[in-house]
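Trainee: Sequence plus the predicted model coming up.
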Amino acid sequence: MEWLCSTVGWNNTATSEAISTYINLASDSASSWLSVALNSALFRTEQWIEYSLNGDYKALQELTVERVNSTLHWLDFTPFQFKLLREFSLIFAGNTILVIIAWKVYGERIRNKFMKTTESNQDELRNGFLDLKLPQEIFGFTK
């Protein structure tokens, strides 16, 4: 904490000790919350693996339904938020499908235009780098 006090120009040890105490408390609190969250997640994952390996699919289904319901309860969407989520999901899915269809139709043209290296493209690239007056050995061009 000395670097903070020297940077700000404080010459008070009580201030640096108070800041240090607050940082330590925040760190301890964050680590305890993280520990609780990880232990809970790992316990649920351990149960899920145990149920799947033992073939207890009824308990596995109940655990999955419980986790989905608790997650939905935690999110607690209002009807408006749920409508927005549905609309944005439909827009995203529709755009994804349209991009896939467009790639099926125009993908070969795009690939030929931008991904094919020919002598003329290499010459254009070399001339572009010469216009910048950069050292040619950086780019692997020889004179």
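Mentor: That came through, no problem. Treat the numbers as computed from the prediction; the structure is a model and nothing was measured.

Trainee: Tell me how this structure divides into domains.
Mentor: 1-76, 77-143 (automatic domain parsing).

Trainee: Lowest mean pLDDT across those, which one is that?
Mentor: Mean pLDDT per stretch puts domain 1-76 lowest among the domains of the chain, at a mean of 70.

Trainee: List the residues that contact S70.
Mentor: Contact analysis of S70 by Cβ atoms under 8 Å, 6 or more residues apart in numbering lists nothing. From N, CA and C alone the C-beta is placed, and that goes for glycine too.

Trainee: Which strand or helix spans it?
Mentor: Per DSSP states H and E, S70 falls inside helix 57-75.

Trainee: Specify the local secondary structure of K83.
Mentor: Using DSSP: H, G, I helix; E, B strand; the rest coil, the structure places K83 in helix.

Trainee: returning to what we had before: can you show me the CA trace of the helix holding S70 as PDB?
Mentor: Extracted as PDB, the C-alpha positions of helix 57-75 are listed here (Å, rounded to 0.1, in the frame of the first residue of the first chain):
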ATOM      1  CA  TYR A  57     -32.200 -41.300 -14.700                       C
ATOM      2  CA  LYS A  58     -35.300 -40.400 -12.700                       C
ATOM      3  CA  ALA A  59     -33.100 -38.700 -10.000                       C
ATOM      4  CA  LEU A  60     -31.000 -37.100 -12.800                       C
ATOM      5  CA  GLN A  61     -34.100 -35.700 -14.400                       C
ATOM      6  CA  GLU A  62     -35.300 -34.300 -11.100                       C
ATOM      7  CA  LEU A  63     -32.000 -32.700 -10.400                       C
ATOM      8  CA  THR A  64     -32.000 -31.100 -13.900                       C
ATOM      9  CA  VAL A  65     -35.500 -29.800 -13.500                       C
ATOM     10  CA  GLU A  66     -34.600 -28.400 -10.000                       C
ATOM     11  CA  ARG A  67     -31.600 -26.600 -11.400                       C
ATOM     12  CA  VAL A  68     -33.500 -25.200 -14.400                       C
ATOM     13  CA  ASN A  69     -36.300 -24.000 -12.100                       C
ATOM     14  CA  SER A  70     -33.900 -22.500  -9.600                       C
ATOM     15  CA  THR A  71     -32.100 -20.700 -12.500                       C
ATOM     16  CA  LEU A  72     -35.300 -19.400 -13.900                       C
ATOM     17  CA  HIS A  73     -36.400 -18.300 -10.500                       C
ATOM     18  CA  TRP A  74     -33.100 -16.500 -10.000                       C
ATOM     19  CA  LEU A  75     -33.500 -14.700 -13.300                       C
END
